[in-house]
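Chemist: sharing a sequence plus its predicted fold:
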There are 2 protein chains.
Amino acid sequence: MEKKIDEIDFEKAGGIVPVIVQDNNTHEVLTLAYSNRESLELTRKTGLSWFWSRSRSKLWQKGEESGNTQQVKKILVDCDQDALIYLVEPSGPACHTGERNCFHHSLL
Amino acid sequence: MEKKIDEIDFEKAGGIVPVIVQDNNTHEVLTLAYSNRESLELTRKTGLSWFWSRSRSKLWQKGEESGNTQQVKKILVDCDQDALIYLVEPSGPACHTGERNCFHHSLL
């Protein structure tokens, strides 16, 4: 089933929703980030992954500085419309540390 | 590298962290839920997936009513310690709708 952007529940977490960024081919989870309505609209418009930075309080596009952009092939919405998956094709590492994904630690 | 529970940044989002629940075998993303320190400790102690419900303000174990529990094989931590992945082996559907996972809608 398809959902419209107006159906996304941004209000539950103060204007943002968590976004799971997942590799469209390998299904590897790359990053957990956040999106507001504006970054979600930019993502749909440009086909590249845009987010909202909680710490810097600004919109950001993955790879805008590093060049490691992510082409967004599909956006999935969960059953209560308060979480998203961006299915992406990354052009480089997802993590600022240079690792392929951000989940490179395990819990002891 | 391994992280300790004391290193998890629960404070950034008021005592909870988002948890991506991912199938350990297929890498399918099943659910996005939340955990606080107590549900994370219960998960490690029992080997089953425990969470914190924001709407009901209580701890919950996946499958405690439906029987569709999830065995947690590994817990991953992201680079800034404010998001987790539970890698699980599910014994049934993850979604309360009966679907295998909660992300069964696409964004129009």
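Modeler: Sure, I can see it. Fair warning: this is a prediction, and the values are worked out from it, not measured in the lab.

Chemist: touching chain B at all, stretch A:63-78?
Modeler: Yes. Using C-beta under 8 Å from any C-beta of the partner chain, stretch A:63-78 reaches chain B at A:74, A:75, A:76, A:77, A:78. C-beta coordinates here come from the backbone N, C-alpha and C atoms, glycine included.

Chemist: quick one: end-to-end distance for that stretch.
Modeler: Counting by C-alpha to C-alpha, to the nearest Å, you get 26 Å between the two ends of stretch A:63-78.

Chemist: so for it, what's the average pLDDT?
Modeler: Stretch A:63-78 shows a mean pLDDT of 97.

Chemist: buried sites along that stretch?
Modeler: A:63, A:68, A:69, A:70, A:72, A:75, A:76, A:77, A:78 (16 or more other C-beta atoms under 10 Å in any protein chain shown).

Chemist: so what touches that stretch?
Modeler: A:3, A:7-8, A:21, A:24, A:30, A:40, A:43-44, A:47-49, A:61-62, A:83-94, A:96, B:31-32, B:102-107 (C-beta atoms under 8 Å, 6 or more residues apart in numbering or on different chains).

Chemist: in strands, which of those residues appear?
Modeler: Mapping these onto strands (DSSP state E) picks out A:3, A:21, A:30, A:61, A:84-90, B:31-32, B:105-107.

Chemist: flag the least confident of the residues you listed.
Modeler: Ranked by pLDDT, the ones in strands among the contacts of stretch A:63-78 bottom out at residue A:3 (92).

Chemist: who are the neighbours in contact with that one?
Modeler: Residue A:3 neighbours (C-beta under 8 Å, 6+ apart): A:77, A:81, B:105, B:106, B:107, B:108.

Chemist: just among those, which is most surrounded?
Modeler: residue A:77 (26 neighbours; other C-beta atoms under 10 Å in any protein chain shown).

Chemist: got the phi and psi for that one?
Modeler: Main-chain torsions, residue A:77, degrees, to the nearest 10: phi -120, psi 140.
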